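Trainee: Next come a sequence and a model predicted from it.
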Amino acid sequence: MPSGEKPYRVYRGGRARGKVPKAQKPPPRGGGARRSFNFRPSRRWLRWIPVALGMFVVFLVVWGLASYFQFRNGVSDANKRLPGGARQVLDDDHGSATDILLLGTDHAQLKGRESANRTDSITLLRVDKDKHRLAYLSIPRDLRVEIPGHGSGKVNAAMQLGGAALAVKTIRVLTGLPVNHVVIVDFSQFQDLIDKLGGITIDVPERIVSKFDCPYPTEERCAQWDGWRFAKGKQHMDGRRALIYARVRKNKLNPADTDFSRAEHNQQVLNAVGAKLTGFGTVVKLPFIGDDLLAPVATDISTEGFLSLGWSKFRGSADGTLHCRLGGESSGGDIIPTEEDRAVISMVKGDSAPQPPPPGSGAFGPGCVIGNRTLGVR
């Protein structure tokens, strides 16, 4: 302790014993203890909240109206592309179930098939609004049926012989179900649509190697080409690749693949496009692409009908979707229907429980499965 410093402090009232207090640290720069920050918005600022909300609501209304009118223009163009005779043979839409005939064509730009008008895929979609259930009935294009006015023939020949009107009549006779609407889809134009949607995601059930529609100009180069390849599992596809996948009918890695495989690919592409159409990203872009969404389509369905169909698809569960197919026995390039086809129609109508194709029925066995399962070969 330095000399002269005493171990106590002296106050006016006397002496206080104890340790010498330590020197206190200087207060931090900028003042002493932190002050609490309480923000109280002014009444003038609060007045802008309802104004901002009102402007946002107006923006949504304008955006919705612009989207609706653009989409309505696209529907109007699609209605004009449908031949008038097809509307006259359609059944009135009554009851809770609506049956929509989907006819897929994919030949307009294929060499040697420019004048052909046969359907490459035929699907009857049944929408049950009360049960919120979708049922897809695939019909093989080589199925031998009775074509009204033309006798017996392959079902896909009806389109060639009498256009969409005769195709509707043929499917009605074959299934005994009413056909309330018809949709003709040109898959060759799907490429641009899928690209505008930003591509689609497909869950490929198996590895595929298929050699068709060679992209090279010479036969020598095509002979060296290995073919189109698809890995198993979910994958994102642009328009060109999705169109190739929809066209695949024969798989080098699975000789059992048939027209049913191609129909399943078409359904996958259509379902993926439908899911993308109802997605948030597409809704945001509707004012700009709404009139282009139905460019590959010719149909009688109105704008309100499409909205109702989209709502049914949104309400319906993918796990509860029914996938069925008609079939029979293969004979000389034709498929001869069997009695099991009638049972499949009952399953589609909901009159009986879904049953898969019987064991041993092969690649063309008729039956139904629920959810994301595939019918495949039995």
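Mentor: Received, thanks.

Trainee: which other residues reach stretch 141-150?
Mentor: 118-122, 152-158, 161-162, 166, 169-170, 173-174, 259, 326-328, 333-337 (Cβ atoms under 8 Å, 6 or more residues apart in numbering). Where C-beta positions appear, they are placed from N, C-alpha and C, glycine not excepted.

Trainee: Next: stretch 181-190.
Mentor: Contacts for stretch 181-190 (Cβ under 8 Å, 6+ apart): 81-82, 86, 90, 93, 98-110, 120, 164, 167-168, 239, 242-243, 246-247, 266, 269-270, 273, 295-301, 305.

Trainee: List the ones among those residues that fall in strands.
Mentor: If you go by DSSP state E, those have 98, 99, 100, 101, 102, 103, 104, 105, 297, 298, 299 in strands.

Trainee: Most neighbours among those residues, which one is it?
Mentor: Taking other Cβ atoms under 10 Å as the neighbour criterion, residue 101 ranks highest of those with 28 neighbours.

Trainee: picking that back up, closest one of the ones in strands among the contacts of stretch 181-190 to residue 354?
Mentor: For the ones in strands among the contacts of stretch 181-190, the minimum distance to residue 354 (Cβ to Cβ) is 17.5 Å, reached by residue 99.

Trainee: do you know how far the closest one is from residue 222?
Mentor: As judged by Cβ to Cβ, to the nearest Å, residue 99 and residue 222 stand 42 Å apart.

Trainee: cool, and residue 369?
Mentor: Taking Cβ to Cβ, one finds residue 369 at 37 Å from residue 222.

Trainee: And these two? Which one has more around it.
Mentor: Between residue 369 and residue 222, counting by other Cβ under 10 Å, residue 369 is the more crowded of the two (18 against 14).

Trainee: I'd guess that one is in a helix, am I close?
Mentor: No. According to DSSP: H, G, I helix; E, B strand; the rest coil, the state of residue 369 is strand, so it is not within a helix.

Trainee: which residues does residue 295 contact?
Mentor: Applying Cβ under 8 Å, 6+ apart, the residues near residue 295 are 74, 77, 189, 192, 193.

Trainee: Just the buried subset of these, please.
Mentor: Neighbour counting with 16 or more other Cβ atoms under 10 Å marks 74, 189, 193 as buried within those.

Trainee: residues contacting residue 245?
Mentor: 202, 204, 208, 230, 237, 265, 268, 269.

Trainee: I'd say the last one and residue 202 touch.
Mentor: Yes. The pair residue 269 and residue 202 qualifies as a contact (Cβ atoms under 8 Å) at a distance of 7.0 Å.

Trainee: Identify the contacts common to these two.
Mentor: What both residue 269 and residue 202 touch, as defined by Cβ under 8 Å, 6+ apart, is the set 242, 245.

Trainee: Tell me the helices and strands packed up against the one helix or strand residue 122 maps to.
Mentor: According to DSSP states H and E, residue 122 maps onto strand 121-128. Applying 3 or more Cβ pairs under 8 Å, 6 or more residues apart in numbering; DSSP states H and E, one finds that strand 121-128 contacts strand 97-105, strand 133-139, helix 157-175, helix 259-277, helix 340-349.

Trainee: What strands flank that strand, and is each parallel or antiparallel?
Mentor: Using DSSP bridges, strand 121-128 pairs in its sheet with strand 97-105 (antiparallel), strand 133-139 (antiparallel).

Trainee: how about the CA coordinates for the last one, as CSV?
Mentor: Output in CSV follows, covering the C-alpha atoms of strand 133-139 (Å, rounded to 0.1, in the frame of the first residue of the first chain):
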residue,chain,number,x,y,z
ARG,A,133,-63.9,-40.1,-57.9
LEU,A,134,-62.3,-40.3,-61.3
ALA,A,135,-62.3,-43.6,-63.3
TYR,A,136,-60.1,-44.0,-66.4
LEU,A,137,-61.1,-46.8,-68.9
SER,A,138,-58.4,-47.6,-71.4
ILE,A,139,-59.6,-49.2,-74.7
